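Asks: coords please:
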Amino acid sequence: LVECVAVVPPGAELWLLEGLVGEEGLAALDECLASGVLVADGGLVSFRHELARLAVADSRPHTRDQELHRRALEVLGADPVAREDHTRLAHHADLAHDTGAVLELAPKAAEHASSRGAHREAAAQYARALRFGASLPPEEHAELLVRRAWECYLTDDASGGIDALEEAVSCYRSLDDTRREGDTLRALA
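Replies: Residues are numbered from 1 along each chain as shown. As a prediction, the model looks like this:
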């Protein structure tokens, strides 16, 4: 139970914990609350101190951590409301090393962040997608790069934007798409 709470910062909803540990595992919640390790506030269960959460999170083997994030992704994805929180889902997909889910969710999270004016978050979400984008066709890879470059431009991250556009130019060259290569070179200039 404590490991599952550590995987869902800043706190986990009771329904999520039940989906992760089952009813039997959730029975340990009273003991964790009584000991003061966990606290319940506003329907969320969290650690009393962030340092305690980090200690638990850092103590798990990598494979266990990956499995917990995979399970969190499944449980959240099954809930009609939670599945609309692309940022939260992309976080768990990233840490579960689920390439397909990251490539689906991170661009949606980026678009949502951008529409709200959170351009740094959008750039970070595009960067997350690009870390998993090696298997993408060059055209899709280039599109993510161009979108990341725009978000970098909006946040005054010139070097991040330049790097993304230069890589996009290479993608368009490999596709022999001179129009998009020219558009990207113009943006780079």
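Asks: alpha carbons only for contacts and neighbour counts from here, please
Replies: Fine.
Asks: give the burial count for Leu26, as a bare number.
Replies: Residues lying near Leu26 (other C-alpha atoms under 10 Å) number 16.
Asks: isn't it up against Leu17?
Replies: Yes: in this structure, Leu26 is within contact of Leu17 by C-alpha atoms under 8 Å, at 6.9 Å.
Asks: show me the common contact partners of these two, please.
Replies: Common neighbours of Leu26 and Leu17, counting by C-alpha atoms under 8 Å, 6 or more residues apart in numbering, are Leu1.
Asks: ok, which stretches of this structure are helices?
Replies: Ranges of helices in the chain, per DSSP state H, are 2-7, 14-26, 29-35, 50-59, 62-78, 86-95, 99-115, 119-131, 138-154, 158-175, 178-188.
Asks: chain center to the last one, what's the gap?
Replies: Relative to its parent chain, helix 178-188 has a centroid offset of 29 Å by C-alpha atoms, centre = their mean, to the nearest Å.
Asks: can you list contacts of that helix?
Replies: The contact list for helix 178-188 (C-alpha under 8 Å, 6+ apart) reads 146, 162, 165-166, 168-169, 172-173.
Asks: rewinding a little: in JSON lines, list the helices of the chain along with distance to Gly43.
Replies: Output for those, formatted as JSON lines (distance: least, C-alpha to C-alpha, whole Å):
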{"stretch": "helix 2-7", "distance to Gly43": "13"}
{"stretch": "helix 14-26", "distance to Gly43": "7"}
{"stretch": "helix 29-35", "distance to Gly43": "13"}
{"stretch": "helix 50-59", "distance to Gly43": "18"}
{"stretch": "helix 62-78", "distance to Gly43": "16"}
{"stretch": "helix 86-95", "distance to Gly43": "18"}
{"stretch": "helix 99-115", "distance to Gly43": "25"}
{"stretch": "helix 119-131", "distance to Gly43": "26"}
{"stretch": "helix 138-154", "distance to Gly43": "35"}
{"stretch": "helix 158-175", "distance to Gly43": "39"}
{"stretch": "helix 178-188", "distance to Gly43": "47"}
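Asks: can I get those in JSON lines with mean pLDDT?
Replies: Formatted as JSON lines, the helices of the chain follow (pLDDT from 0 to 100):
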{"stretch": "helix 2-7", "mean pLDDT": "95"}
{"stretch": "helix 14-26", "mean pLDDT": "94"}
{"stretch": "helix 29-35", "mean pLDDT": "95"}
{"stretch": "helix 50-59", "mean pLDDT": "94"}
{"stretch": "helix 62-78", "mean pLDDT": "96"}
{"stretch": "helix 86-95", "mean pLDDT": "98"}
{"stretch": "helix 99-115", "mean pLDDT": "98"}
{"stretch": "helix 119-131", "mean pLDDT": "98"}
{"stretch": "helix 138-154", "mean pLDDT": "97"}
{"stretch": "helix 158-175", "mean pLDDT": "97"}
{"stretch": "helix 178-188", "mean pLDDT": "96"}
